[in-house]
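> Return atomic coordinates for the entry below.
(chains A and B, ligands or ions: 1)
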Amino acid sequence: MRLRTRLGAGVAGALNGVSRRLGLGRGTVLGGRAGMAIAPGALAELAAGRLVALVSGTNGKTTTTALLAAALEVGGRRVVTNSTGSNMPAGHFAALAQGAGGTPVVLEVDEGYLPGSVETLEPKVVVLLNLSRDQLDRSNEVRMVAGRWRRALAGSRATVVANADDPLVVYGAELAGSLLWVAGGARWRADAAGCPACGGRIEYSVDSWSCRCGFTRPRPEVSAVEEAGTTTAVFADGRRLPVTLAIPGAFNRRNALMAMAAAGALGVPAEVALAAMGRIEGVAGRFSLRRVQGVLTRVLLAKNPAGWEELLDVVAPGTGPVVVAINARIADGRDPSWLWDVPFERLAGRPVVATGERSADVSVRLHYAGVEHQRVGDPAQAVVLAGRLGAAGADGEAVEFIGNYTAFHDLLRVGA
Amino acid sequence: MARSALRIVVVYPDLLGTYGDGGNGVILASRARRRGFEVDLVEAASDRPLPRADLYTLGGGEDAPQVQAAERLGAEGVLAAAVAEGAAVLAVCAGYQILGKSFPTAEGTASPGLGLFEVATEKGTGARAVGEIVVEAAVPTVGLLTGFENHGGVSVRGPSAGALGTLRRGSGNGDGTDGVWSGRLVGTYLHGPVLARNPALADVLLSWATGRDDLAPLDDRREEALRAERLEAALSSPLSMLRRRR
Ligand SMILES: [Zn+2]
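Below you'll find the model as predicted:
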């Protein structure tokens, strides 16, 4: 390792420690930026010769990264990851700076940064989950992102583990030299009505899709089959394995299927990977149960319509109180118009509290969705009120707190 | 009205539904129903013939789907025919550009629009216009409009195309105005969706579509709170002061 790279890595580690101690955040970006400034080109050098796996997509990156890391940690092997969700080059630098030279690395990668990261880090495996609208005020339209993935992966030596159910992902992945298709599901289809290949219309059937131009769903090596709240991995040869996780949600079980396939490409048997992933109980606070001013609260993250659609499947069957917390800071996207793409109608009849810096937007949306609700600006007070409203009807169910990015992280800080 | 129910059609949500503007249809339908109108709200996908309606909404979309939507609407002719017979239209962002004479494709070439507005949209030379926008509407009773814009186009109006209003903050058409207002047609760059933040504009559109100017007032406390918050945020920021001085 060059001296400059070693120096950069040392500074990054020290600054991250200082940043964390000062409470300046989760402390990987600051150190990462400083390290990058000291050692340009160091990312490639830190990654050279190591096993690198990248995980990208609009939703599920952080969870899938954690699941894949767990699957690769079998047998006491150490794995390095950017587990705090710092998914751009500065965060990658901070993650790569940890661990001895040979430690495998699993990195969550922002969709827009994936092409650069593929080129710089020369990954062995790239996992592509899904693409849908997110933070339109600062990122590119999803069709453009898919086109960039396509060009970057065409020249890569990586094995690309890609979701065959999402046409935009297939378009981004299909030119890769080594492909492993997984039927990872795609509940949200509103961003892929138009064919990314020809502009025509994609026809969907229950379990497939195709366009008249010939662009069609590839045959998956393994599929997620969902029945009565359970998920089974069904392989092309007919083998079946149950996918059982400690974290809730069909979308997480489908993420686990993607991670299982990626681990398989790196030599970890499917059974072993599934067992290791099944022990993960929470990922960076997501799905965790906490006490917020004494009120039992399940803290959930949903930051765009596709994420909400999946999360409502987890939450909506219940009857307990729900808090909807929305901010519109830069990390959230400054335009919460997307709230109108979320089927909040499904929450009607439950105690609902709107909160966050954009609670006025949430309140108008819920009103037109026919959802009676209260509005409280402060998230912790919103939880307390929701707890009180819920206690009237049900037997002490946890408050479901669903926040977008910064609203979720703010609540993690006040909850214990 | 020939039909008994008031028909509101959201045009091609599969192509022009990227920016949450489908909410405008939901809001119009709810506000009409609460006044006792029977409403037929149709989300008209692009693979079926566009139905005739009293009121159409079009929203923002990505570049390639915008071209498809314009081609389809032009070939079908239903929207233009309905407008000729007096239908009202709210067209936002990509939808607004489609109603003009031409708009730019992703490659920057001009793609033909429906020509319902004497407006030609070109690719702007500066940064994309992204942020809060406030417009002083020319339409009576509407007042200030608040919204969020996110577009790269500059819309050049011809002599027959009056603006929807003048800017208090934001970029809009690129000449100190936003949108076009012509008869019962409104084009604008405002997302939010625009009718969630501006119920008065929703009611003007409903008046045009129903022929009634005596719509009963509704309980708009939530909408007014959102509206006041957004106007305050947009007009009190240092950025808006800078823009106003320019
Ligand atoms: Zn096609």
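
> Residue numbers of chain B in contact with the ion?
Within chain B, no position lies close to the ion (CB under 5 Å from the ion). (Glycine included, C-beta is placed from N, CA and C.)

> just the helices in chain B please.
B:23-33, B:63-76, B:78-84, B:94-99, B:194-197, B:199-210, B:221-235, B:238-245 (DSSP state H).

> Could you name the helices and strands sitting against the second one?
Contacts defined by 3 or more CB pairs under 8 Å, 6 or more residues apart in numbering or on different chains; DSSP states H and E place helix B:63-76 against helix B:94-99, strand B:110-112.

> residues making contact with the first one?
Yep, that's helix B:94-99 we're talking about. By CB atoms under 8 Å, 6 or more residues apart in numbering or on different chains, the residues outside helix B:94-99 that reach it are B:11, B:16, B:21, B:57-62, B:66, B:69-70, B:73, B:89, B:91, B:103, B:113-114, B:116-117, B:119, B:121, B:151, B:153, B:155, B:179-180, B:185, B:187-189.

> Apply 7 Å and report the result again.
B:16, B:58-61, B:66, B:69-70, B:73, B:91, B:103, B:113-114, B:116-117, B:121, B:153, B:179, B:187-189 (CB atoms under 7 Å, 6 or more residues apart in numbering or on different chains).

> can you check the last one too?
By CB under 7 Å, 6+ apart, the list of residues contacting strand B:110-112 from outside reads B:67, B:70, B:74, B:102-105.

> Turn the residues you listed into a markdown table, including pLDDT.
Formatted as a markdown table, the contacts of strand B:110-112 follow (pLDDT from 0 to 100):
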| residue | pLDDT |
| --- | --- |
| B:67 | 94 |
| B:70 | 97 |
| B:74 | 97 |
| B:102 | 98 |
| B:103 | 98 |
| B:104 | 95 |
| B:105 | 91 |
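
> And the buried ones among those, selectable in PyMOL?
Buried residues among the contacts of strand B:110-112 (16 or more other CB atoms under 10 Å in any protein chain shown), as a PyMOL selection:
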select buried, chain B and resi 67+70+102+103+104
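
> Make sure residue A:381 is indeed in a helix.
Yes: counting by DSSP: H, G, I helix; E, B strand; the rest coil, residue A:381 falls inside a helix.

> That one: how many residues sit nearby?
14 (other CB atoms under 10 Å in any protein chain shown).

> distance of residue A:175 from chain B?
Distance, residue A:175 to chain B, using CB to the nearest CB, to the nearest Å: 19 Å.

> typo on my end, residue A:122
From residue A:122 to chain B the distance is 31 Å (CB to the nearest CB).

> Go through stretch B:34-47 and flag the buried ones.
Neighbour count says stretch B:34-47 has B:35, B:37, B:39-42, B:44-46 buried, by 16+ other CB under 10 Å.

> pLDDT below threshold where in the stretch 1-150 of chain A?
Where the stretch 1-150 of chain A drops to pLDDT under 70, the residues are A:1-40.

> related to what we said a few turns ago, any idea which of the buried residues of stretch B:34-47 is the one closest to chain A?
Nearest to chain A among the buried residues of stretch B:34-47: residue B:46, at 7.0 Å, using CB to the nearest CB.

> and residue B:175, what is it in contact with?
Applying CB under 7 Å, 6+ apart, no residues qualify as near residue B:175.

> tell me the contacts of the residue of chain B found nearest the ion?
Nearest to the ion, among the residues of chain B, is residue B:64, at 11.2 Å (CB to the ion). Contacts for residue B:64 were tallied using CB under 7 Å, 6+ apart; they are A:143, A:194, A:199, B:106.
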